[in-house]
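> I'll drop the sequence and a predicted model, then ask my questions.
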Amino acid sequence: MPDPQFELSFLDGPTLAFVTVCIVALLGLFLVLAWLQQRDMRALAWWGAAYLIGASSLALWAAPHQWIHLPREVPFAMIFVACGMVWNGVRLFRGRPLLPVGAFAGAAVWLLLCQLPLFAEGTMPRAVLGILVVAAYTFSIAFELWRERRKSVHSRIAQIVVPCLHAAIFLLPLAILSLMPEVYAASWLTVFTLETILYAVGTAFMVLLMVKDHAVDIYRDAASTDFLTGLLNRRAFLENALRLCAKQAKNGKPVTLMMFDLDHFKSINDRFGHNVGDEALRAFADTIRKSMRGSDIIGRLGGEEFAAIVDEPGDVAAMIAERVRAGFETAGVEIAGIKIGATVSIGAATATEVVTNIDALIARADVALYRAKGEGRNRLRMAETEPPVDRARLIAAARSSREAEVKDMLRRNSAA
């Protein structure tokens, strides 16, 4: 039977430790330099500092006992602090508040429990405790990344799998301890050092992936987002709406497009000023975001005119639209500290056939919107199926914003 000590000790432990310290320190310096070039991305500073602390802790841990007069628990505590800082950096990068207490919690638990005889140096419980602390931090990082749903599927998978993989790697020694304790006892230094290299390089890869996605998002958002409300601009909305229509038509399912127009918006600007008007637009954008699903496509077409398209039939879309209307009726009571009582009128149109020209669907929703305004505002109206010739005239009138002509044709159609 092969000698397990020979199998796992062919790699020189001190050499591996030195290589690990160099790799981690270089990665930390790289991240700090990246932060100096992008000062607004404070997460890079947290990650860089975490790597430098980790390199220092590994150097202290691997140094000869006679060189360093510190308790052996301290270097490991520094490693746990570094893991906590990486986790906090991810939270900061995702726009969530820092939890400094969480960054030091693992180290505090470690230092406290290591004073007990059960966790004395060289015992299995101490090794298990250290492995579990690191695994807890890496799974926490994976959880923070899982909560972010806006990124591409491939990036999210990579960002979640990497920390989970490293947590699993750090948990692997538990299996070695239980199944082959003599192997772990002979080569624990080699195993831990290899794990640390994998963890450091993998986490750096995850960080670079997130930074790359962040830069891509900045340029994409600048090209497709309305600067005032943060919703899709007109071009981006129309492109996304057409893609949704094509997808639904392929599956034989309907889409419903909704047009929103803030009531008496010109009056709001005239009475309270354009700053308050802008706040009203932001308030509506916030309301519609909260009232609709993440998969729904929402955009600002211009001025006080907004649109949304959902992959639902008319009855479901009507419930969604009513939720938006009621939500803004509440939010619009007071805007920027001023009693305004802003409301919104909504027109919606459903298409069950293949949509190749989104303008026609928008025009039908426009007609319903004008009907809602003509009947008293602050309400929803669904588009009716019009005769082909009359519908074409209504579409042309709606897109040219001739409200009076639309109302006149609607009266004639009703009388007929």
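Thanks, I have the structure now.
> the residue lying closest to Pro313 once chain neighbours are set aside: how many residues sit nearby?
Using C-beta to C-beta, 6 or more residues apart in numbering and skipping residues adjacent in sequence, the residue nearest Pro313 is Pro254, 4.9 Å away. Just so you know, the C-beta spots here come from the backbone N, C-alpha and C atoms, and that holds for glycine as well. Pro254 has 19 neighbours, counted by other C-beta atoms under 10 Å.
> same check on Arg325?
21.
> next: Ala107.
For Ala107, using other C-beta under 10 Å, the count is 21.
> ok, now Leu33?
Using other C-beta under 10 Å, Leu33 has 11 neighbouring residues.
> excluding chain neighbours, give the residue nearest to it in space.
With C-beta to C-beta, 6+ apart, the residue lying closest to Leu33 is Gly48, at 8.0 Å.
> you'd agree the one you found is up against Gly28?
Yes - Gly48 lies in contact with Gly28 (C-beta atoms under 8 Å); the separation is 5.1 Å.
> can you pull out the strands in the stretch 201-350 of the chain?
255-262, 297-302, 305-310, 334-335, 338-339, 344-351 (DSSP state E, counting those that start in this stretch).
> relative to Arg300, how far out is Thr287?
Applying C-beta to C-beta, to the nearest Å, the value for Thr287 to Arg300 is 13 Å.
> more neighbours: these two, which one.
More crowded of Thr287 and Arg300, by other C-beta under 10 Å: Arg300, with 25 against 22.
> Arg235 is in contact with that one, correct?
No - with contact defined as C-beta under 8 Å, Arg300 does not count as touching Arg235 (11.3 Å).
> tabulate the strands of the stretch 201-350 of the chain (CSV), appending distance to Ala383 and mean pLDDT.
Formatted as CSV, the strands of the stretch 201-350 of the chain follow (distance: least, C-beta to C-beta, whole Å; pLDDT from 0 to 100):
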stretch, distance to Ala383, mean pLDDT
strand 255-262, 9, 95
strand 297-302, 17, 93
strand 305-310, 13, 95
strand 334-335, 30, 92
strand 338-339, 34, 92
strand 344-351, 4, 94
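> of those strands, which approaches Thr123 most closely?
Across those, Thr123 has its closest neighbour in strand 297-302 (58.1 Å, C-beta to C-beta).
> helix, strand or coil for Arg381?
With DSSP: H, G, I helix; E, B strand; the rest coil as the basis, Arg381 sits in strand.
> correction: Val354
Val354 ends up coil, using three-state DSSP.
> OK, contacts around the residue nearest to it when sequence neighbours are not counted?
Leaving out its chain neighbours, the residue that sits closest to Val354 by C-beta to C-beta, 6+ apart is Ala249, at 4.2 Å. By C-beta atoms under 8 Å, 6 or more residues apart in numbering, the residues touching Ala249 are 353-355.
> now which of these would you call buried?
By neighbour count, with 16 or more other C-beta atoms under 10 Å, the contacts of Ala249 hold Val355 as buried.
> can you put the contacts of Ala249 in CSV and add pLDDT and distance to Val19?
Formatted as CSV, the contacts of Ala249 follow (pLDDT from 0 to 100; distance: C-beta to C-beta, whole Å):
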residue, pLDDT, distance to Val19
Glu353, 76, 65
Val354, 71, 61
Val355, 70, 60
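> which among the contacts of Ala249 gets closest to Glu312?
Checking the contacts of Ala249 against Glu312 with C-beta to C-beta, the nearest one is Val355 at 14.6 Å.
> for Ala59, grab the count of nearby residues.
Neighbour count of Ala59, defined by other C-beta under 10 Å: 19.
> same question for the helix or strand harbouring it, mean pLDDT?
Ala59 is part of helix 42-62 when elements are defined by DSSP states H and E. Throughout helix 42-62, pLDDT has a mean value of 87.
> enumerate the positions of it that are buried.
43-62.
> mind listing the helices for the stretch 51-200 of the chain?
For the stretch 51-200 of the chain, helices defined by DSSP state H, counting those that start in this stretch occupy the ranges 73-93, 100-113, 124-146, 153-179, 181-224.
> now the fourth one: mean pLDDT?
Pointing back at helix 153-179 there. Mean per-residue pLDDT for helix 153-179: 56.
> ok, now the second one?
The predicted model gives helix 100-113 an average pLDDT of 92.
> quick one, it and helix 42-62 angle?
With axes from the mean of the first three to the mean of the last three C-alpha atoms, to 10 degrees defining the directions, helix 100-113 sits at 10 degrees from helix 42-62.
> tell me what helix 100-113 is packed against?
Under the contact criterion of 3 or more C-beta pairs under 8 Å, 6 or more residues apart in numbering; DSSP states H and E, helix 100-113 touches helix 73-93, helix 124-146.
> for Ser267, which of the ones you listed is the nearest?
helix 73-93 (42.9 Å).
> got a list of what Phe80 touches?
Listed by C-beta under 8 Å, 6+ apart, the contact partners of Phe80 are 106-107, 110, 130, 133-134, 137.
> kindly apply the preceding question to Gly332 instead.
280, 283-284, 340-344.
> how about the strands of the stretch 201-350 of the chain in JSON lines, adding distance to Pro75?
Below are those laid out as JSON lines (distance: least, C-beta to C-beta, whole Å):
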{"stretch": "strand 255-262", "distance to Pro75": "60"}
{"stretch": "strand 297-302", "distance to Pro75": "52"}
{"stretch": "strand 305-310", "distance to Pro75": "56"}
{"stretch": "strand 334-335", "distance to Pro75": "56"}
{"stretch": "strand 338-339", "distance to Pro75": "59"}
{"stretch": "strand 344-351", "distance to Pro75": "61"}
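> out of those strands, which comes closest to Arg126?
Across the strands of the stretch 201-350 of the chain, the minimum distance to Arg126, taken as C-beta to C-beta, is reached by strand 297-302, at 53.9 Å.
> which two in the contacts of Gly332 are spaced the farthest apart?
Farthest pair in the contacts of Gly332 (C-beta to C-beta) is Phe284 and Gly341. Separation: 13.4 Å.
> mind checking which of those two has more residues around it?
The neighbour comparison of Phe284 against Gly341 (other C-beta under 10 Å) goes to Phe284, with 27 against 13.
> for the more buried one, give its distance to Ala45.
Distance of Phe284 to Ala45, given as C-beta to C-beta: 37 Å.
> about what we covered before: which of the contacts of Ala249 lies closest to Leu198?
Nearest to Leu198 out of those is Val355 (C-beta to C-beta; 50.3 Å).
> what residues are up against the closest one?
Applying C-beta under 8 Å, 6+ apart to Val355 gives the contacts 242, 245-246, 249, 255, 361.
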